[in-house]
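S.K.: Sequence first, then the predicted structure:
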Amino acid sequence: MNADAQKKAAAEAAIAHLPRNGVIGVGTGSTVNYFIDALAPLRDQIPAAVSSSEASTERLKRIGITVEDLNSVAEIKVYVDGADEINKYLQMIKGGGGALTREKIIAAVSKQFICIADQSKLVGTLGEFPLPVEVIPMARSYVARQLVKLGGRPVYREGVVTDNGNVILDVHGLRIDEPLTLEEKLNNIVGVVTNGLFAHRAADLLLLGGPEGVQEMRRA
Ligand SMILES: O=C[C@H](O)[C@H](O)[C@H](O)COP(=O)(O)O
């Protein structure tokens, strides 16, 4: 199975973990696109979804699933999303597609976070994938200087404006030995809206597609 087939298999495996009746949270990215496609036959059993991006909202609506504003939803039982990197503690780097802020908000609200990914995403130490940081535009240079002080090499993602009207700095060269601490430090930089480290709100279950099929991993 190639990476795409592994993503599809992981995405389809998530269907069995959905609540019988209840609003679901839907993330963003190529793996989630397979998940949305797999939701199509279930559209009548899903009362509504909360979506983490305009792209996923459009795809959900196209298959006939109602998309609700998070403010009108009392509870999200399950949130399904991909990752750019994930470790055995199910801490992740996310935001390769720029949707990190809404993803972090929905993940915080949801009772269960199911990560769907292909095998290449599982790493020993987070940080080889450049860490996305969403920044208020006027603070971009200031935040970049603070990121350099933390040992990173921030690169402005040119031409990208997030769904929230902000910009993204991708931080290269960070070896993330202490994800919890780094997540807090990044949050403390004025001008940072969100960073793509999901350490405090890690996933609860990883469905990992591999050559032999889909493996279920819970937090170590
Ligand atoms: O902003 C994008 C999200 O965090 C995605 O979940 C992440 O980039 C993984 O995307 P993909 O499933 O395309 O590898």
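M.R.: Good, I have the coordinates. Because the structure is predicted, anything quoted here is derived from the model rather than measured. Numbers count the residues shown, from 1 in each chain.
S.K.: State the distance from V214 to the ligand.
M.R.: 15 Å (Cβ to the nearest ligand atom, to the nearest Å). In this view, the C-beta of every residue, glycine as well, is placed from N, C-alpha and C.
S.K.: before we move on, what about V135?
M.R.: From V135 across to the ligand, the span is 15 Å (Cβ to the nearest ligand atom).
S.K.: Got the domain ranges for the protein?
M.R.: Structural domains assigned to the chain are 3-123+200-218, 131-196, following automatic domain parsing.
S.K.: Would you tell me which residues of this structure are close to the ligand?
M.R.: 27-31, 81-84, 94-100, 103 (Cβ under 6 Å from any ligand atom).
S.K.: 5 Å instead, please
M.R.: 28-31, 82, 84, 94-97, 99 (Cβ under 5 Å from any ligand atom).
S.K.: Out of those residues, which is nearest to P154?
M.R.: G95 (13.4 Å; Cβ to Cβ).
S.K.: Can you read off the pLDDT for that closest one?
M.R.: On the pLDDT scale, G95 is placed at 98.
S.K.: Give me the most central residue, this protein.
M.R.: In the chain, the C-alpha nearest the mean C-alpha coordinate belongs to K94, at 4.7 Å (Cα atoms, centre = their mean).
S.K.: And the nearest residue to that one once chain neighbours are set aside, how far from M92?
M.R.: Leaving aside its chain neighbours, K94 sits nearest to G196 (4.9 Å; criterion: Cβ to Cβ, 6 or more residues apart in numbering). Distance of G196 to M92, computed by Cβ to Cβ, to the nearest Å: 8 Å.
S.K.: list the residues that contact both of the two?
M.R.: Shared contacts of G196 and M92, defined by Cβ atoms under 8 Å, 6 or more residues apart in numbering, comprise D84.
S.K.: Could you pull up phi and psi at V190?
M.R.: Taking degrees, to the nearest 10, you get phi -60, psi 130 for the backbone angles of V190.
S.K.: Just list the residues touching it, thanks.
M.R.: Going by Cβ under 8 Å, 6+ apart, the list of residues near V190 reads 139, 142.
S.K.: all numbers from here: first residue = 14
M.R.: Sure thing, new numbering starts at 14, so read that last one as V203.
S.K.: Tell me the spacing between it and the ligand.
M.R.: 23 Å.
S.K.: Next: L135.
M.R.: L135 is 13 Å from the ligand, by Cβ to the nearest ligand atom.
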